[in-house]
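Student: sequence unknown, structure follows:
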């Protein structure tokens, strides 16, 4: 028997054994079952983990299985409970352990109930979607290196379980803390790929049912477009990235800022590491939890980051149903029957018992039937229904893309890797190298819907929705309106790699989650398909803030690592820069007294010691909703500086100010209170002030926090996460500073639960050693040998 065939039988044996285990099996017994399978138990594997300050692991192994082994072990040591929650999710077992009505943490989907999540992931498992993708050779399926990393990762995770050193009260002794296989590792990556597509409509799939006879209103195009835009925003992800080239850096080499904005409390968080196989791989950075390789990072000559892209990674298809049969639809005049998939999951009842619960999903050749997008109904009537198409449901290449970026030496290598692997589902790539190149590109997995195809195949409803949101609603009655194979594409139905924007610049490129259009205002990118994003449209205040900050810096001189660090944590409030002076004048005109002087004296930042920042924050959140906010409208010829000039005559703006003043006074919060006194997190009883500001204020250091009346912003929900500034000198050791804002571990008993959060509060950074000599000299060095 071949090595591959033998391995598959081994995996199957573990899966069967796990399935037969009683729900309450203790961890020790569960792990002993996995011990029968050498690779998943770690038999014969080895790695060395060198921990430096702030608990950052530098993992060294002689091969990729060993590297995965060390990575899985170290990841579990810091975040085993979050990782185990993800395993329960992808196995479709949340209802079994936590009850069907409870809500998942939304780290692997936007499902709002455990039952909806389980029905989706159980159907994925029963369809063997991941297994079929694993059967494909690279580059269509995972490479040998990624398979070995995944195999080792599972073994390292299981070794940590077997050692019985779990201290995190969130899962210590929990019956759902069980050993895993490499399939679980791949399934997590598969779920991550679908976050921007199928993962957004899991509730809607579960709710889809044939019509019962009630007449429903026809869908409204503008409401659907608004819902699609909101659906993409619901993913709670964003980012800033700036790559500087030799024409704008002080040392003539590349320099990179990566500043992703991600959730702080769920399993969709970053974890920092370095992975080394001497002579083959040496890469450092942040990995999305559960990933087998670095997601955003650098090696000795190349650094990269990602920003959430504006491309719409899904489409809808409008079905023309067969008269009298709402579960059949017409394609080229011939009826096709929908597939009814009944899915059964085990669900914990209020009395503690477990019983089977069955749901139904309806599938078509175009994808599953959905009956809404966000809160907007797409009614399944006697004549029409809507199917959801997600090309990332056939994408298991995301790990290979990250792995190959970690091996790239230059931006040219990175472009080749992106084209070769085609695995990024919902992000742009911004990169710099030691030769002084700066790169932006939007290579991501999108439906193969060019503007010409959209014109030909969108339904009348789809034409209106596509223009304003980028989401197509295709005519399902024509087989020719199924997105087909594009030149150079690895899978049918995705856009050709030659149709994506790419920009190389000697000065800089930047992105803050608007489209590619103003990557550099000196060279606007235009003429691309609508599905990729918009052109010549208003940019967000955060995009404008970043562009203004870059230009301000360059007027003073070229970028250094230090000046880039200052830029991202300067906490410039661009809304304040544009509107605070006019607001103070309006306030005086309204004879409001004290708040006028507070706003006039405010330093226009969101630093922890900034007085007036909180008042402006509460005011601007309300004022920004005004349809008549600005007196000077957007001008595509001056997109960085328009719209501008606050409309102080707007009733909405005036009421926003009086409401904000009243809100703070009713809460007993002084109008001139320093921001950090009322924007903070609490870790093990310690209050830690947090700087930064919300999206609407155009603060690069984005922080979205929970407002508690009477107290302020008492917990960060999402925002700045793994932040890195990287440049290169003449030697082989890169010059990097990093910060993981919420720290390495979610375990409140860990010494690395809040240590970097304290640094973030003070705008301080970590100098993470990269070269072996620097690692050996680290004052906190601790070496662990895994066997």
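Tutor: Yep, that arrived. All of these numbers come straight from a predicted model, not from anything done at the bench. Numbering: from 1, shown residues only.

Student: where along the stretch 451-600 of the chain do the helices fall?
Tutor: Remark: helices assigned in the stretch 451-600 of the chain by DSSP state H, counting those that start in this stretch are 451-457, 460-469, 541-556, 561-569, 574-589, 594-601.

Student: swap in the stretch 601-750 of the chain?
Tutor: 613-623, 651-666, 675-678.

Student: Just name the most buried of the ones you listed.
Tutor: Greatest average neighbour count among the helices of the stretch 601-750 of the chain goes to helix 613-623 (a mean of 25), per mean count of other Cβ atoms under 10 Å. C-beta: built from backbone N, CA, C; applies to glycine.

Student: how distant is that helix from the center of its chain?
Tutor: Centroid separation between helix 613-623 and its chain, computed with Cα atoms, centre = their mean, to the nearest Å, is 27 Å.

Student: got the contact list for the residue nearest to the spatial centre of the chain?
Tutor: In the chain, the centroid-proximal residue (Cα atoms, centre = their mean) is residue 237; its distance is 4.7 Å. Counting by Cβ atoms under 8 Å, 6 or more residues apart in numbering, residue 237 touches 195, 260, 261, 262, 263, 268, 308, 426, 718.

Student: ok, now residue 303?
Tutor: 254, 256, 258, 297, 431, 432, 433, 724, 726, 734, 736.

Student: Now do stretch 416-425: distance to the chain's middle.
Tutor: That offset, for stretch 416-425, works out to 17 Å (Cα atoms, centre = their mean).

Student: Pull up the distance across it, start to finish.
Tutor: 17 Å (Cα to Cα, to the nearest Å).

Student: before we move on, back to that, rebuild the helices of the stretch 601-750 of the chain as TSV, extending it with mean pLDDT and distance to residue 184.
Tutor: Formatted as TSV, the helices of the stretch 601-750 of the chain follow (pLDDT from 0 to 100; distance: least, Cβ to Cβ, whole Å):
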stretch	mean pLDDT	distance to residue 184
helix 613-623	98	41
helix 651-666	98	47
helix 675-678	98	41
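
Student: any chance of these in TSV, plus distance to residue 422?
Tutor: Output for the helices of the stretch 601-750 of the chain, formatted as TSV (distance: least, Cβ to Cβ, whole Å):
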stretch	distance to residue 422
helix 613-623	40
helix 651-666	46
helix 675-678	43
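
Student: So which of those is nearest residue 595?
Tutor: For residue 595, the closest of these is helix 651-666, at 5.0 Å, according to Cβ to Cβ.

Student: Packing partners of the closest one?
Tutor: The contact analysis (3 or more Cβ pairs under 8 Å, 6 or more residues apart in numbering; DSSP states H and E) places helix 651-666 against helix 574-589, helix 613-623.

Student: what angle separates that helix from helix 594-601?
Tutor: 110 degrees (axes from the mean of the first three to the mean of the last three Cα atoms, to 10 degrees).

Student: Lowest average pLDDT across the helices of the stretch 451-600 of the chain?
Tutor: Among those, helix 460-469 carries the lowest mean pLDDT, at a mean of 93.

Student: just checking, what packs against that helix?
Tutor: Identification of packing neighbours for helix 460-469 by 3+ Cβ pairs under 8 Å, 6+ apart yields helix 221-233, strand 315-322, helix 451-457, strand 473-475.

Student: now, among the contacts of residue 237, which is nearest to residue 687?
Tutor: Nearest to residue 687, judged by Cβ to Cβ, of those is residue 718 at 19.8 Å.

Student: Quick check: closest non-adjacent residue to that closest one.
Tutor: Leaving aside its sequence neighbours, residue 718 sits nearest to residue 263 (Cβ to Cβ, 6 or more residues apart in numbering; 4.4 Å).

Student: circling back to that earlier point, for the contacts of residue 303, which one is nearest residue 185?
Tutor: Closest approach between those and residue 185, by Cβ to Cβ: residue 297, at 19.4 Å.

Student: mind checking the SS state of that closest one?
Tutor: Following DSSP: H, G, I helix; E, B strand; the rest coil, residue 297 is assigned to strand.

Student: Tell me what it is bridged to.
Tutor: As for beta bridges, residue 297 partners with residue 285, residue 304 under DSSP bridges.

Student: Would you confirm that residue 288 contacts residue 273?
Tutor: No - checked against Cβ atoms under 8 Å, the pair residue 288 and residue 273 is beyond contact range at 11.6 Å.

Student: re earlier: export the contacts of residue 303 as CSV, with columns for pLDDT, neighbour count and distance to residue 66.
Tutor: Shown next, in CSV, are the contacts of residue 303 (pLDDT from 0 to 100; neighbours: other Cβ atoms under 10 Å; distance: Cβ to Cβ, whole Å):
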residue, pLDDT, neighbour count, distance to residue 66
254, 98, 27, 31
256, 98, 30, 29
258, 98, 29, 28
297, 98, 29, 20
431, 98, 30, 28
432, 98, 34, 31
433, 98, 28, 29
724, 98, 29, 26
726, 98, 28, 27
734, 97, 22, 24
736, 98, 23, 25
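
Student: Restricted to strands, list those.
Tutor: Per DSSP state E, strands hold the following members of the contacts of residue 303: 256, 258, 297, 431, 432, 433, 724, 726, 736.

Student: ok, so of those residues, who is nearest residue 760?
Tutor: residue 724 (13.5 Å).

Student: Now do the contacts for residue 700.
Tutor: For residue 700, the contacting residues are 240, 259, 512, 542, 545, 546, 549, 567, 568, 570, 571, 572, by Cβ under 8 Å, 6+ apart.

Student: Show the backbone phi and psi for the residue nearest to residue 718.
Tutor: Backbone torsions for residue 263, taken as degrees, to the nearest 10, come to phi -60, psi 150.

Student: Pull the number of nearby residues for it.
Tutor: Applying other Cβ atoms under 10 Å, we find 21 residues neighbouring residue 263.

Student: so how far is residue 288 from it?
Tutor: As defined by Cβ to Cβ, to the nearest Å, residue 263 lies at a distance of 11 Å from residue 288.

Student: Now do the shared contacts for these two.
Tutor: residue 269.

Student: now residue 509: how far from residue 525?
Tutor: 10 Å.

Student: swap that for residue 114, please
Tutor: Distance from residue 114 to residue 525, by Cβ to Cβ: 43 Å.

Student: More neighbours: those two, which one.
Tutor: More crowded of residue 114 and residue 525, by other Cβ under 10 Å: residue 114, with 26 against 19.

Student: quick one, what contacts the more buried one?
Tutor: So residue 114 contacts 94, 95, 98, 99, 100, 101, 102, 103, 104, 347 (Cβ under 8 Å, 6+ apart).
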